[in-house]
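Visitor: structure for the following, please:
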Amino acid sequence: MNLRRQLLLVSLLSLVLPWAGCQFIRETESALREGQKQMLSGTALAIADSLSQFPDEFSVTEVVDRSGELYGHPLSSIPLIDGYFDDWSIPPESLRTMRGVDGPISFAIGIRGQHAFLYVDVRDDRIVYSGPGANVVAEDIFSDRVVLVTGNETEITSLFDFVSEAPGSLVAINRTGDQRFAEPRILAHWEDTATGYQLEARLPRHLLGSHLGLVVTNTKSRDDPGIRSSSYSGRLPGRFAKTSPLLQSVVAGYAQPGLRLIVTDLAGWRLAQAGDASRSQPDSQTDEGISRWMRLAYSMLLEPGKEALLAEPHPSGREQQNYIAQALNAKADTSWFRSRSDGRAVVAVAQPVWSGTVQTGVVILQQGTDAILSLRNQALTRLMNFTLIATLAVVAVLLGYSSWLSLRIRRLSNAAESALDGDKVDTDLPSALANDEIGDLSRSFSSVLRQLGEYNDYLRSLAARLSHEMRTPLTIVTSSLENLDHEPLTDEAANYTARAKEGAIRLQKILSAMSEASKVEELMENADSERFNLHEALTSTVAAYGDAYPDRKFTCESDSSDVDIDGSPELIIQMLDKLAENAVDFSAPNDPISIRLSSDTKSALITVSNPGPPLPDRMRTQLFDSLVSVRDRGKDKHLGLGLYIARLIAEGHHGSVSADNIDDGVAFEIRLPVAGSRQS
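Guide: Numbering: from 1, shown residues only. Sure, this is the predicted structure:
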């Protein structure tokens with residue numbers, strides 16, 4: 001991983017700062033919410049104390065079986081008695097259900113002013129009417145019907161029968177004790193549907209007792225008494241829970257913007273409700289103008305809570321939340337809810353209501369956290385904006401800094417690699433004057449390269465020095481051996497003398513090879529340049545190679561016979577000799593050695609290729625240096641000066657020489673400028 005990516009990853013650690021900020025805002029919101037809970041708890045306790053003086057309004061002081069209880073929903077408007085539910089001011093979820101013969105039966109009871117309203121939706125595969133002219137008041141007739149049963153804790157006081165001759169308005173039958181008569185104060189309407197029928201009725205509230213139940217009879221014919229479905233079990237109907245006008249007026253005095261107050265009895269039925277826990281002010285600082293990604297960020301960063309819709313009053317009229325259940329069991333409790341759509345939160349507390357030592361109900365306070373939400377949204381918005389700007393700035397600065405460091409290191413690396421390309425070692429590296437670690441590294445490289453250059457110069461001059469220093473002792477040894485030839489020697493001594501002469505001759509050849517490089521340098525400085533045809537020189541030279549190396553197959557190819565260059569023909573041929581000798585040394589008998597000439601308008605290219613072992617990768621850049629050799633076979637020892645001499649000649653003619661591996665061996669390329677193409 002490069003330095004830029006490393007610093008980019010390091011820059012991502014700056015995200016720890018916004019995370020810590022979000023944690024702080026989260027803790028602050030929790031603390032504010034807890035403070036709001038405590039405030040609401042104190043308010044709820046005060047309201048509960050004021051409601052303790054109305055024990056009779058709570059109707060019940062002990063918990064009994066609630067399965068058959070019905071609730072009268074307060075209606076905000078008077079529905080039209082037409083057999084339809086669409087004009088009732090309560091949601092469809094408020095409908096109660098009970099099991100019927102042909103399907104579920106849905107019903108609801110509403111309260112508005114001095115009237116009670118009844119709605120029943122019955123699933124009935126076959127509707128049986130009482131028939132035209134039937135005297136339903138005087139006698140019982142088998143037909144589909146709805147009966148509203150009312151009474152008190154000890155007995156049933158009245159039954160209201162809804163029996164229809166046909167769809168439309170009908171007259172309810174009041175059965176009180178032994179009396180049976182039409183009830184003109186009740187307005188009712190029967191409406192057929194695709195799945196059965198619907199009944200809607202309006203009754204005076206004083207006709208209903210403290211207990212209320214619903215019975216639906218489903219018959220298949222006028223001879224069939226039918227099957228009854230009831231909203232209660234047992235002999236008596238369940239309690240009829242409804243709102244208390246007195247409690248409603250009391251809690252209305254405590255209503256405040258953004259505060260909802262609910263009073264329930266011990267069963268959880270709502271007896272009074274006032275206020276609204278929605279926003280206290282339609283301010284755009286809460287959620288309007290907040291983008292979708294901000295809301296997503298809120299849901300990810302902030303403490304999760306139950307959905308805010310759960311804080312709404314239950315459609316059935318009976319509050320059953322866990323915190324309310326705790327209060328119904330005489331233990332005050334709190335809870336809170338958060339909207340997933342806009343982040344709005346609602347804090348709720350439930351406080352038991354006592355009349356002396358007896359619990360009569362529960363008071364519930366719910367308040368929106370608009371102020372907290374606004375402060376939190378503003379803080380989060382500023383935090384995210386500042387964080388985004390700061391993070392982008394940090395990333396940009398670190399990327400710029402890493403790019404600058406990478407550039408300095410890359411320049412130092414390129415300079416160090418190119419320092420050994422020429423004859424002299426370049427020790428002038430970039431960033432050498434810097435006072436940081438890269439400057440120290442550059443100075444260390446310069447020191448190493450300086451020592452390497454001195455050692456390289458020593459190696460280059462070693463051959464000439466050895467040749468000069470050893471030539472005189474070698475001459476003495478050679479002359480002494482020649483003088484011994486004129487002295488009488490034993491056969492054994494003559495044999496030793498012959499071996500010594502062979503060694504001296506071999507040493508003389510080595511010294512000649514060592515001094516050849518320095519001679520070439522002198523020749524390059526003093527040689528007279530002339531223009532000659534490279535094609536002709538190359539052709540004649542390759543023909544001579546065939547005679548000099550009869551066990552190799554030399555071939556010469558040329559793309560053009562008119563290639564002139566400026567230089568020394570003798571030195572060019574000497575360079576080709578070195579390359580040809582190298583090709584012979586690394587090829588096997590009868591191997592082909594190809595020499596090819598090609599040219600363009602600026603340069604001529606000579607390629608010498610031969611089969612053999614490939615060049616080691618590490619030696620490609622050092623192959624043309626002095627005293628470097630990759631030979632590992634043959635009887636003759638080589639000092640590694642042949643290719644070095646070839647490079648000196650090529651560079652002396654303003655050209656270059658290189659080597660590379662090919663499919664079946666090695667190819668050497670000499671590029672020389674053609675005559676007239678080199679600018680002075």
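Visitor: switch to C-alpha atoms for all contacts and neighbour counts from now on
Guide: OK.
Visitor: and the contacts of the host helix or strand of residue 535?
Guide: Residue 535 is located in helix 534-548, with elements delineated by DSSP states H and E. The list of residues contacting helix 534-548 from outside it, by CA atoms under 8 Å, 6 or more residues apart in numbering, reads 552-556, 558, 560-565, 569, 573, 580, 595, 597.
Visitor: so what are the sheet partners of the helix or strand that comes right after that helix and their directions?
Guide: Secondary structure here is assigned by DSSP H and E; on that basis, the next helix or strand after helix 534-548 toward the C-terminus is strand 553-558. Within its sheet, strand 553-558 is paired with strand 592-599 (parallel), according to DSSP bridges.
Visitor: rewinding a little: buried ones among the contacts of helix 534-548?
Guide: By the neighbour-count criterion of 16 or more other CA atoms under 10 Å, these include these buried positions: 552, 554-556, 558, 563-565, 569, 573, 580, 595, 597.
Visitor: distance to residue 332 added to these, as JSON lines?
Guide: Below are the buried ones among the contacts of helix 534-548 laid out as JSON lines (distance: CA to CA, whole Å):
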{"residue": "552", "distance to residue 332": "109"}
{"residue": "554", "distance to residue 332": "109"}
{"residue": "555", "distance to residue 332": "108"}
{"residue": "556", "distance to residue 332": "108"}
{"residue": "558", "distance to residue 332": "107"}
{"residue": "563", "distance to residue 332": "108"}
{"residue": "564", "distance to residue 332": "110"}
{"residue": "565", "distance to residue 332": "108"}
{"residue": "569", "distance to residue 332": "113"}
{"residue": "573", "distance to residue 332": "110"}
{"residue": "580", "distance to residue 332": "106"}
{"residue": "595", "distance to residue 332": "104"}
{"residue": "597", "distance to residue 332": "104"}
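Visitor: which one of those residues is nearest to residue 440?
Guide: Using CA to CA, residue 580 is the member of the buried ones among the contacts of helix 534-548 that sits closest to residue 440, with 46.8 Å.
Visitor: that's a helix at the closest one, yeah?
Guide: Yes - for residue 580, which was evaluated using DSSP: H, G, I helix; E, B strand; the rest coil, the result is membership in a helix.
Visitor: hmm, back to that, for the buried ones among the contacts of helix 534-548, which one is nearest residue 531?
Guide: Checking the buried ones among the contacts of helix 534-548 one by one against residue 531 (CA to CA), the nearest turns out to be residue 565, at 5.6 Å.
Visitor: give me the secondary structure label for the closest one.
Guide: The three-state label given to residue 565 by three-state DSSP is strand.
Visitor: residues touching whichever strand or helix holds residue 261, excluding its own?
Guide: Counting by DSSP H and E, the secondary-structure element that holds residue 261 is strand 259-265. Among residues not part of strand 259-265, those counted as contacts by CA under 8 Å, 6+ apart are 58-60, 247, 251, 254-255, 270-278, 319, 360-368.
Visitor: now, those residues that are in strands?
Guide: In this view, those that belong to strands under DSSP state E are 270-275, 360-368.
Visitor: low-scoring stretches of the stretch 101-250 of the chain, by residue?
Guide: Residues of the stretch 101-250 of the chain meeting the criterion pLDDT under 70: 133-140.
Visitor: so which residues of it form strands?
Guide: Remark: strands assigned in the stretch 101-250 of the chain by DSSP state E, counting those that start in this stretch are 105-112, 115-123, 145-151, 156-163, 168-176, 179-192, 196-204, 211-218, 227-230, 240-242.
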